[in-house]
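Asker: I would like the atomic coordinates for the input below:
(3 chains)
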Amino acid sequence: MLIIFEVAAIIAFAVSGLIESVRKRMDIVGIFTVAFVTAFGGGTLRDLLLDRRPFFWVQHQEYVWLVLALALIGPLLLRVLQHRLVDRTMTVTDALGLGLFTVSGASFAMAAEMPIIVVAMMGVITGVFGGVLRDVLCNEIPLVFHDHRPYALCAAFGSAVFIGLHALALEPWIVLTGGAATATGLRLLALALDWRIPPWPKDSGLL
Amino acid sequence: MLIIFEVAAIIAFAVSGLIESVRKRMDIVGIFTVAFVTAFGGGTLRDLLLDRRPFFWVQHQEYVWLVLALALIGPLLLRVLQHRLVDRTMTVTDALGLGLFTVSGASFAMAAEMPIIVVAMMGVITGVFGGVLRDVLCNEIPLVFHDHRPYALCAAFGSAVFIGLHALALEPWIVLTGGAATATGLRLLALALDWRIPPWPKDSGLL
Amino acid sequence: MLIIFEVAAIIAFAVSGLIESVRKRMDIVGIFTVAFVTAFGGGTLRDLLLDRRPFFWVQHQEYVWLVLALALIGPLLLRVLQHRLVDRTMTVTDALGLGLFTVSGASFAMAAEMPIIVVAMMGVITGVFGGVLRDVLCNEIPLVFHDHRPYALCAAFGSAVFIGLHALALEPWIVLTGGAATATGLRLLALALDWRIPPWPKDSGLL
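Answerer: Numbering: from 1, shown residues only, chains lettered A, B, ... in the order given. Now for the predicted structure:
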């Protein structure tokens, strides 16, 4: 069950890299690299910062093959993705991925006995930095920094719930599910209700 | 005393990230991330390269809270910063930060028994790469690479003085102060006297 | 013999960083940094991912001095490089560098008992990511992702040959030479015959 979600999340993240790199008219090398970095960048940065080895994608090399296959069948895939139904599925799996990656980052940081602010940051970094690296490689300001839609904030709330439930010494599966469900649920709610992060006041003198 | 300087340096670096991210119209997520990366990016890269754990900001989690608070009170802060007096204070604390971060990088590299060219590089990387990563995330060519004002060069001279004093087997506090004062002093001098790094000759055929 | 190739490869990679940074009108700090990152970025990323220390350029600090010297004599060097003969030499040494760096990445990953897909990736990353980081620092979409000329693909084929020869339990020098010669040869062939990577079909709906 968890593995199905995880695979769905990796596909959702990889496809977002696929779309961005095709938009930039990259060749197969760029498409694979950007898809790979989007899917595994957050987890790899987490593992670098926490000094964990082997990496996630070294342990599960089938995921690397999966992303390689996605990059190769990309044109076909994106034609299918035109359909609105698939679009909606993508949104949901992306939100699921955000939740899963967030709690994976938070729980590894917790296991490494990091202070809670670092646990929360690792949750957000794991959930969000794949997309940040995707945008850096595509020479864009990272979308998550300026689209004024809650994404990293959902991951932050998910991490906070994870930390809270962990402090109550609840069973691991409740802690993990609670954190992931919070991040995923908030993200879906934010999209459904079109929530926005308020911008800075105009008169701050710098704009 | 050292802690006051260190906090001032982190604030100075974080505020430079704050200003840049607000200019790019980022939301609170981008503002916090860019401020954080500017303040801690150099030290984190140093620790990754030297394989030191835990990171600086994991040991001193109060600094993370500080940057988070800065990002939240940003609008207010930047209005205050309009005042010229504050502007000047910022310049001085930024130069102080450059000096402090430079000797911290150089001394950790020295303790890890790196060759002296690597010690010098670690000094410069620690002082400068926070700003480089800030500009990469903001989708700009790093300012320090092309503004033709001495900044990294001041860090390089500070590292050289650090290495020289260390070779003379002087007491640690003299070595550290000498290196930091050189970097900070040169930077302030460079700004006061408007020094420029000479550009390339125009006829080099590539321009 | 190998050392001559290695030095030639580092020079070729550093010079490509030199040219790009001069084009962007960077000062000496930017020129040195970009040249350094281009020459050592791929190997450093490989070592970070495989958790190898000390880094390549820490063990061979003379290479760092070499790049520093290159950055200082840059203007003179680039005037010399106008000559077509030198241009051709550069192309060949760059292809040699690609081959050498590819097998170095693949063989370190093999020694660390990585799965073969990861071995192949480490080969490509080591050969290619110096150039990727160069372009990120110069605020460009990495050339290797979108110029539709085989470069990373040559490294991938070289890695595959390396893996195949290794699986046959041939002697190390045959495995290394076979892999490097494949990557280098394919690259030179691709340039000589003007091979292109086919673009995506136009009607994929995203362009």
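Asker: residues near A:His60, how many?
Answerer: Using other Cβ atoms under 10 Å in any protein chain shown, A:His60 is surrounded by 18 other residues. Yep, even glycine has a C-beta here, placed from its N, CA and C like the rest.
Asker: Contacts only, for the residue sitting nearest the centre point of chain A.
Answerer: Centroid check for chain A by Cα atoms, centre = their mean gives A:Gly127 as the closest residue, at 3.6 Å. A:Gly127 is in contact with A:42, A:97-99, A:101-102, A:105, A:152, A:155, A:158, A:183, counting by Cβ atoms under 8 Å, 6 or more residues apart in numbering or on different chains.
Asker: Helix or strand: which one has it?
Answerer: helix A:116-137 (DSSP states H and E).
Asker: just A:Gly30 next, same as before
Answerer: A:Gly30 is part of helix A:28-50, with elements assigned from DSSP H and E.
Asker: same deal with A:Val175?
Answerer: Per DSSP H and E, A:Val175 falls inside helix A:172-192.
Asker: List the buried residues in that helix.
Answerer: Going by neighbour count (16 or more other Cβ atoms under 10 Å in any protein chain shown), the buried part of helix A:172-192 is A:175-176, A:178-180, A:182-184, A:186-188, A:190-191.
Asker: so where is chain A shaky, pLDDT-wise?
Answerer: Where chain A drops to pLDDT under 70, the residues are A:1-2, A:75, A:81-86, A:200-207.
Asker: State the distance from the closest residue to chain C within it to B:Ala190.
Answerer: Of all residues in chain A, A:Gly30 sits closest to chain C, at 2.7 Å by Cβ to the nearest Cβ. Computed as Cβ to Cβ, to the nearest Å, the A:Gly30 to B:Ala190 distance reads 40 Å.
Asker: Who's the closest spatial neighbour of the residue in chain A that chain B sits nearest to, skipping the chain neighbours?
Answerer: Of all residues in chain A, A:Phe145 sits closest to chain B, at 2.7 Å by Cβ to the nearest Cβ. Spatially, and ignoring its direct neighbours in sequence, A:Phe145 is nearest to B:Gly30 (2.7 Å; Cβ to Cβ, 6 or more residues apart in numbering or on different chains).
Asker: how many neighbours does the one you found have?
Answerer: Per other Cβ under 10 Å, the neighbour tally for B:Gly30 reads 28.
Asker: for it, what are its contacts?
Answerer: Per Cβ under 8 Å, 6+ apart, neighbours of B:Gly30: A:141-142, A:144-146, B:21, B:24.
Asker: Apply 7 Å and report the result again.
Answerer: For B:Gly30, the contacting residues are A:145-146, B:21, by Cβ atoms under 7 Å, 6 or more residues apart in numbering or on different chains.
Asker: Among these, which lie within strands?
Answerer: Here DSSP state E is the test, and the contacts of B:Gly30 give no hits in strands at all.
Asker: Inside helices: which ones of these?
Answerer: A:145-146, B:21 (DSSP state H).
Asker: By neighbour count, which of the residues you listed wins?
Answerer: Sorting those by how many neighbours each has (other Cβ under 10 Å) puts B:Ser21 first, at 29 neighbours.
Asker: Just to check, that one is in contact with B:Phe32?
Answerer: No - contact criterion Cβ atoms under 7 Å: B:Ser21 and B:Phe32 do not qualify, at 8.5 Å.
Asker: Can you tell me the element A:Ala106 falls in?
Answerer: Element membership for A:Ala106 (DSSP H and E) is helix A:84-111.
Asker: What about the closest residue to A:Phe36 other than its chain neighbours? Give its phi and psi, please.
Answerer: Spatial nearest neighbour of A:Phe36, chain neighbours left out: A:Val67 (5.2 Å); criterion: Cβ to Cβ, 6+ apart. Dihedral angles phi and psi of A:Val67 (degrees, to the nearest 10) take the values phi -70, psi -40.
Asker: now swap in A:Leu170 and tell me
Answerer: Here is the backbone geometry of A:Leu170 (degrees, to the nearest 10): phi -70, psi 170.
Asker: what does A:Pro150 give?
Answerer: Dihedral pair for A:Pro150: phi -70, psi 120, per degrees, to the nearest 10.
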